[in-house]
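Participant: The following block contains a protein sequence and its predicted model.
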Amino acid sequence: MSASKEEIVAFIALEFPQTKCIVEAVGDKGSTLSHDIGIDELRPGGTVSGPVMMSIADVAIYVAILGTIGIVPLTVTTSLTINFLRKPSAEARIIADCTLLKVGRTLIVGEVSLYSEGSSDLVAHVVGTYSVPPKHD
């Protein structure tokens with residue numbers, strides 16, 4: 001029982017309106033999101049802050065999961081590991097490409113590649129695990 005991009009966007013607007021992440025695409029066990037970069041997203045030194053990159057990666061996994069299993073609001077992050085690879089551009093959106101690696105009954109693992117828009121060089125690589133709540137009949 002998957003959810004469409006439109007259903008996910010509506011759900012996020014209602015339940016998570018504070019996110020600045022934009023859902024660009026939801027596909028078969030994957031998603032693509034973007035996040036605009038402005039002064040609020042930068043840290044000293046003129047680079048995109050780590051929490052911004054972690055946030056878009058986390059939301060990208062969540063969106064990919066909702067697109068795969070349907071709207072299950074209490075699906076939650078249990079683990080998130082990020083490797084920062086190079087300085088992202090302070091003048092380009094961050095793009096997150098997510099692929100779900102394993103979709104189990106109770107755990108789902110996804111990986112996210114983060115880029116500065118317009119570049120094919122990875123700025124960060126993320127792996128996350130989510131816990132899916134048990135179904136109640």
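Facilitator: Noted; the coordinates are in hand.

Participant: What is the neighbour count of the residue lying closest to Met54 once chain neighbours are set aside?
Facilitator: Nearest non-adjacent residue to Met54, counting by Cβ to Cβ, 6 or more residues apart in numbering: Ile82, 5.7 Å away. C-beta here means a position set from N, CA and C on the backbone, and glycine is covered the same way. Residues lying near Ile82 (other Cβ atoms under 10 Å) number 17.

Participant: and the gap between Ile82 and Thr32?
Facilitator: As judged by Cβ to Cβ, to the nearest Å, Ile82 and Thr32 stand 18 Å apart.

Participant: related to what we said a few turns ago, what residues are bridge-paired with the residue nearest to Met54?
Facilitator: Val126 (DSSP bridges).

Participant: hang on, isn't it packed against Ala124?
Facilitator: Yes. Counting by Cβ atoms under 8 Å, Ile82 does reach Ala124; the two are 5.6 Å apart.

Participant: who touches both of those two?
Facilitator: Shared contacts of Ile82 and Ala124 (Cβ atoms under 8 Å, 6 or more residues apart in numbering): 53, 57.

Participant: Span of stretch 36-48 from start to end?
Facilitator: 10 Å (Cα to Cα, to the nearest Å).

Participant: Pull the residues that contact it.
Facilitator: 20, 22, 35, 49-50, 52, 87-94, 123.

Participant: One more pass at 10 Å, please.
Facilitator: Here stretch 36-48 makes contact (Cβ atoms under 10 Å, 6 or more residues apart in numbering) with 20-22, 35, 49-53, 55-56, 84, 86-94, 114, 116-117, 123-124.
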